[in-house]
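J.: Sequence plus the predicted model coming up.
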2 protein chains.
Amino acid sequence: MNIAAQNPIRPALPPGDADEYASWFRCLADGTRLLVLNAVASADRAMTVGEIVDCVGVGQSTVSHHLRVLAEECFVHMQADGTRTLVTVNADCLQALPEAAARIMGFDRS
Amino acid sequence: MNIAAQNPIRPALPPGDADEYASWFRCLADGTRLLVLNAVASADRAMTVGEIVDCVGVGQSTVSHHLRVLAEECFVHMQADGTRTLVTVNADCLQALPEAAARIMGFDRS
DNA sequence: ATCGACCATCGACGATAATCGATTATGGGA
DNA sequence: TCCCATAATCGATTATCGTCGATGGTCGAT
């Protein structure tokens, strides 16, 4: 018998929300990507892609790929500046992380 | 020239730590795994593997796999009870999440 | 002792993702 | 206009991961 499935006291996390959170966490689930994010976050200024490449120590195309992934989830903001691309972090995005954890743990403030 | 690499004002996140955090986030980077975690967290009691299977709606071996991954990162605790396995959550693990975010963003309290 | 319930493990498959090198596109300076 | 620097894109390769079905092992009940 499955008591929990029949008597869900707390509303279960909708599978759609779970996938949404998952893709969000997946963005942080790679060491290189965390190094990229940390480099930009620690710089206190906009960084170019080339600077990030030198900081992280992987190929330029790899950094470009990771920046695109981070930008798609709004962890960073990218703005073209002539031939360069200036990268800045979106601090709000990471600060929303505890809220996600709370929902997963069922600490909904309903 | 690479100013940031030569003048790292803030200490960069060590690559080893980045990988450590990454494997931590990777644990939460799958929708099914979040559903498993949410099911156990919302239950207010220990759950058996079979109950989780019924809640989440994937195969038994898949749930067993995800539970092992979650247990390796200490998100859940598993204890054999006869032929069953009782699963409980480790709330502390998810509450440490904001700290990880802070370090990635360079908000080290040195 | 046998049977059934429960769960872990194994092997396989498909999908996804990380990385690299090469190429291409674009803007700025000579 | 021509060249260089910068970065995005492409193609290929490799590794990792999620899922399933089947198998095996263990405990409890009959």
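T.: On my side now, so go ahead.
J.: buried set for stretch A:40-53?
T.: By neighbour count with 16 or more other Cβ atoms under 10 Å in any protein chain shown, stretch A:40-53 contains the buried residues A:40-43, A:46-49, A:51-53. Heads up, the C-betas are built off the backbone N, CA and C, glycines and all.
J.: Looking at those residues, which are in strands?
T.: A:47-48 (DSSP state E).
J.: Show me the strands in chain A, by range?
T.: Secondary structure of chain A by DSSP E: the strands cover A:47-48, A:76-81, A:84-89.
J.: most tightly surrounded among the ones you listed?
T.: With neighbours defined as mean count of other Cβ atoms under 10 Å in any protein chain shown, these peak in mean count at strand A:47-48, which reaches a mean of 21.
J.: So which residues make contact with that one?
T.: Contacts to strand A:47-48, defined as Cβ atoms under 8 Å, 6 or more residues apart in numbering or on different chains, come from residues A:39-40, A:84-88, B:4.
J.: in chain A, which spans are helices?
T.: Taking DSSP state H to define them, one finds helices in chain A at A:3-6, A:15-26, A:31-42, A:49-56, A:60-72, A:91-95, A:97-104.
J.: what's the burial count for residue A:19?
T.: Neighbourhood size, residue A:19 [other Cβ atoms under 10 Å in any protein chain shown]: 15.
J.: what's the spatially most central residue of chain A in contact with, if anything?
T.: The residue lying closest to the centre of chain A (Cα atoms, centre = their mean) is residue A:27, at 4.4 Å. The contact partners of residue A:27, by Cβ under 8 Å, 6+ apart, come to A:33, A:69-70, A:73, A:75.
J.: so what pLDDT did it get?
T.: Listed pLDDT for residue A:27 reads 96.
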